[in-house]
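*Asks:* Model the following, please.
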Amino acid sequence: MTIDDLIGPVQASSHLGDYFEEPIDGWFGEFGGQFVPELLIEPLKRIEKVARECFSDPTFASELETELHTWAGRPTALTHAERLGKRWGADVWLKREDLTHTGAHKINNVAGQIKIAQRIGARHIIAETGAGQHGVATAAACARAGLPCTVYMGEVDVERQQPNVHRMKLFGADVVAVSSGDRTLRSAINETLRHWASDPVNTYYLLGSAVGPHPYPWIVRTIQSVIGRETKSQLAERSVAADVVVACVGGGSNAIGMFHQFVPDKNIRLVGVEAGGLGLDTDQHAVTIGTGRPGVLHGSLSMLLQTDAGQIRETHSISAGLDYPGVGPEHSMLSQTGRASYMSVTDAEALSALKECCELEGILPALESAHALAGAREIAREQPGQTIVVCLSGRGDKDLSTLMSGGTDRE
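*Replies:* Next comes the predicted model:
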């Protein structure tokens with residue numbers, strides 16, 4: 001068994017000339033790269049080398065498959081959301097990443113990267129987190145591996161995600177509240193990169209999304225593509241032909257994991273849903289692909305939200321996991337080539353879709369996932385009768401304080 005057996009191979013697609021199984025020299029078309037201080041170049045090369053060795057090693061694939069099955073809870077269910085579908089006028093299916101251990105898709109990536117870190121010989125794991133799900137997954141994996149863990153989290157997110165902060169601490173992680181900058185995910189990544197630069201030999205940066213310098217976007221997508229592979233297989237088992245596949249997009253790891261296996265299927269639309277916040281007529285949103293322009297952030301060239309002077313704009317979303325001014329470079333490429341399209345929904349629309357999912361399906365989705373649901377609802381209304389598959393990236397227990405405050409638990 002190899003990693004291709006586990007995640008499934010994707011061939012280069014002739015209708016999308018720049019799309020390949022992995023980035024070319026760290027680039028997805030015009031996006032990607034490795035914009036980092038010189039002292040991080042060798043650590044990144046070492047990570048890429050070990051990742052390639054792992055991904056071609058049958059033992060690594062077997063161990064990861066076992067860990068995802070016996071610890072993380074894979075495969076996750078594909079749930080037919082009949083009542084939602086009836087209301088929306090569509091055939092709706094939910095890929096249930098909310099059912100994984102720790103409550104979101106983040107555990108997939110962490111389970112794989114912790115094994116890469118161990119092969120490198122890392123003595124300390126550091127990570128960033130926004131909504132807290134990546135932080136919780138990293139803390140849990142480090143506890144299981146016996147490795148010390150430090151998680152950086154913006155002060156704003158610490159306040160609105162207290163349950164996840166407590167869970168990280170229960171797993172033994174040191175949670176550092178970041179008070180600089182916008183005090184959300186962007187600032188957390190900044191501080192994690194600073195920590196890594198201070199000790200790149202002994203420390204492994206376990207990056208949680210499909211962003212950052214090469215090879216991280218490729219590594220994260222390679223591991224997370226188990227989501228799309230399972231979904232494709234489950235649809236085939238049920239003889240269901242999808243018309244549209246939908247996922248929320250912040251940095252974009254759940255979406256790229258879901259989309260990757262479907263890229264060659266030209267008859268299936270891929271739709272990413274960004275956080276529209278208080279609306280596009282305000283500056284209180286995080287619609288990076290829809291309103292941004294190319295620029296460099298956190299080590300890669302991708303679409304960014306910027307001021308006219310080229311400074312990174314502050315963002316807003318009710319969901320901490322989508323409150324990010326950049327996006328993974330592969331998403332930028334998929335948007336540029338037209339293979340995937342990207343839309344946005346507001347905080348209010350996401351809250352409405354969350355309420356519908358709770359009341360009609362007995363499922364409490366994360367606020368991030370609620371954006372994907374709201375996007376799917378809009379797609380269904382525009383063209384009734386479609387079969388729509390939604391990546392339910394996480395569960396909403398972590399968001400109860402925000403929901404109990406009426407969605408206003410945000411500075």
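
*Asks:* can you tell me how far the residue nearest to the spatial centre of the chain sits from residue 120?
*Replies:* By C-alpha atoms, centre = their mean, the mean C-alpha position of the chain lies nearest to residue 253, the distance being 2.6 Å. Residue 253 is 21 Å from residue 120, where distance means C-beta to C-beta, to the nearest Å. Where you see a C-beta, it was placed from the backbone N, CA and C, and this is true even at glycine.

*Asks:* which ones are touching the residue nearest to the centre of the chain?
*Replies:* Residues near residue 253 by C-beta atoms under 8 Å, 6 or more residues apart in numbering: 105-106, 109, 208-210, 220-221, 224, 328.

*Asks:* For those, give me CSV that also has pLDDT and secondary structure.
*Replies:* Below are those laid out as CSV (pLDDT from 0 to 100; DSSP: H, G, I helix; E, B strand; the rest coil):
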residue, pLDDT, secondary structure
105, 97, coil
106, 97, helix
109, 98, helix
208, 95, coil
209, 96, coil
210, 97, coil
220, 97, helix
221, 96, helix
224, 97, helix
328, 98, coil
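
*Asks:* closest to residue 124 among these?
*Replies:* In terms of C-beta to C-beta, no member of the contacts of residue 253 lies closer to residue 124 than residue 208, at 16.6 Å.

*Asks:* quick one: that closest one and residue 107, what's the gap?
*Replies:* 11 Å.

*Asks:* now do residue 381
*Replies:* Taken as C-beta to C-beta, the span from residue 381 to residue 107 is 33 Å.

*Asks:* next one: residue 144
*Replies:* 11 Å.

*Asks:* more neighbours, residue 381 and residue 107?
*Replies:* Neighbour count, other C-beta atoms under 10 Å: between residue 381 and residue 107, residue 107 has more, with 27 against 11.

*Asks:* in the host helix or strand of that one, what counts as buried?
*Replies:* Here residue 107, judged by DSSP states H and E, is contained in helix 106-120. Of all the residues in helix 106-120, those buried under the rule 16 or more other C-beta atoms under 10 Å are 106-117, 120.

*Asks:* Looking at these, which one is closest to residue 158?
*Replies:* Of all the buried residues of helix 106-120, residue 106 has the smallest distance to residue 158: 17.3 Å, by C-beta to C-beta.

*Asks:* quick one, what contacts that closest one?
*Replies:* By C-beta under 8 Å, 6+ apart, the neighbours of residue 106 are 133-134, 136-138, 208, 253, 394.

*Asks:* 6 Å instead, please
*Replies:* Listed by C-beta atoms under 6 Å, 6 or more residues apart in numbering, the contact set of residue 106 reads 133-134, 137, 208.

*Asks:* Residue 257: what secondary structure?
*Replies:* Of the three states, residue 257 takes helix under DSSP: H, G, I helix; E, B strand; the rest coil.

*Asks:* which one is residue 185 nearest to, not counting chain neighbours?
*Replies:* Spatial nearest neighbour of residue 185, excluding adjacent residues (C-beta to C-beta, 6 or more residues apart in numbering): residue 130 at 3.5 Å.

*Asks:* surely that neighbour meets residue 187?
*Replies:* No: between residue 130 and residue 187 there is no contact, the gap being 10.2 Å when judged by C-beta atoms under 6 Å.
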